[in-house]
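Q: model this:
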Amino acid sequence: MSSSSTPKPTSSPQTSGAARLLQRQLKEMKTAKDLPGISVGLVKESNIFEWEVVLMINDDCKYYGGAYFRALMTFPPSYPLMPPKLVFQTPIPFHPNIYDNGELCISILHPPEDDKYGYESAAERWSPVQTPETILLSVISLFSEPNDESPANLDAAKLLRAEREGGPKEFRKRVRRCVRESLGED
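A: Reported below is the predicted structural model:
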């Protein structure tokens, strides 16, 4: 899952501080007993700024039947002042908040600046109090309650809205197909 296009952070006091923080946060997540459904590790042992994530989505959410989704979480050298990026790997979940290229669109991963469209308040955007753990818990929450108000995947949002309004269960069909792919059944 290595990404050769991701630049390796240069050594600076801020980068080494970010690296130490990420090492601590990774260790805490690996030893946490209260994070069911989340598995994290490094893509390469030599790069603390790239994490491989596996999310095991349970049967109780909109992703009927449970699923295993892999993602790459890439942290900038300026972490925790700036947010990481989370990109789902193939198969990419069919979800209103995930772009076709797999990139997750969630307010807490948007830079801590004013939203030029006025949709998000500054309090909803990235803050250094967020951690990889809180990010991934928010992502799991998005699988239970997708946000169709500001969609990254317009087709998924339209199908979800139609289904919520009593229309055809096309969203559910697409999600089931996505779940089967994630489990290697398609």
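Q: quick one, what contacts residue 178?
A: Applying Cβ atoms under 8 Å, 6 or more residues apart in numbering, one finds that residue 178 lies in contact with 63, 67, 91, 93-94. (Each C-beta comes from the backbone N, C-alpha and C, glycine too.)
Q: farthest-separated two in those?
A: Taking Cβ to Cβ as the measure, the contacts of residue 178 span a maximum distance of 12.2 Å, between 63 and 91.
Q: More neighbours: which of those two?
A: A count of neighbours by other Cβ atoms under 10 Å puts residue 63 above the other of residue 63 and residue 91, at 24 against 20.
Q: low pLDDT regions in this structure?
A: Low-confidence segments of the chain, defined by pLDDT under 70, span residues 1-14, 59-65, 186.
Q: how about the strands of it, start to end?
A: Under the criterion DSSP state E, the chain contains strands at 38-42, 50-57, 67-74, 85-88.
Q: Show me what counts as buried in the last one.
A: The neighbour-count check on strand 85-88 (16 or more other Cβ atoms under 10 Å) flags 86-88 as buried.
Q: who's in contact with residue 134?
A: In this structure, residue 134 makes contact with residue 108, judged by Cβ under 8 Å, 6+ apart.
Q: can we see that at 10 Å?
A: If you count contacts by Cβ atoms under 10 Å, 6 or more residues apart in numbering, residue 134 has them with 108, 127.
Q: is it true that residue 85 touches residue 101?
A: No: taking Cβ atoms under 10 Å as the contact criterion, residue 85 and residue 101 are not neighbours in contact, 11.2 Å apart.
Q: In stretch 159-173, which of the residues would be classed as buried?
A: Burial within stretch 159-173, assessed by neighbour count using 16+ other Cβ under 10 Å, is assigned to 159-160, 163, 171.
Q: Name the member of these with the shortest distance to residue 146.
A: residue 160 (6.0 Å).
Q: Surely that closest one touches residue 148?
A: Yes: in terms of Cβ under 10 Å, residue 160 counts as a neighbour of residue 148; the distance is 5.1 Å.
Q: overlap in contacts of these two?
A: Taking Cβ under 10 Å, 6+ apart as the contact rule, the neighbours common to residue 160 and residue 148 are 96, 171.
Q: So for this protein, the centremost residue is which one?
A: When the chain is reduced to its mean C-alpha position, the closest residue under Cα atoms, centre = their mean turns out to be residue 86, at 4.6 Å.
Q: now it: how far from residue 23?
A: 19 Å (Cβ to Cβ, to the nearest Å).
Q: Please apply the same query to residue 172.
A: Using Cβ to Cβ, we find residue 172 at a distance of 41 Å from residue 23.
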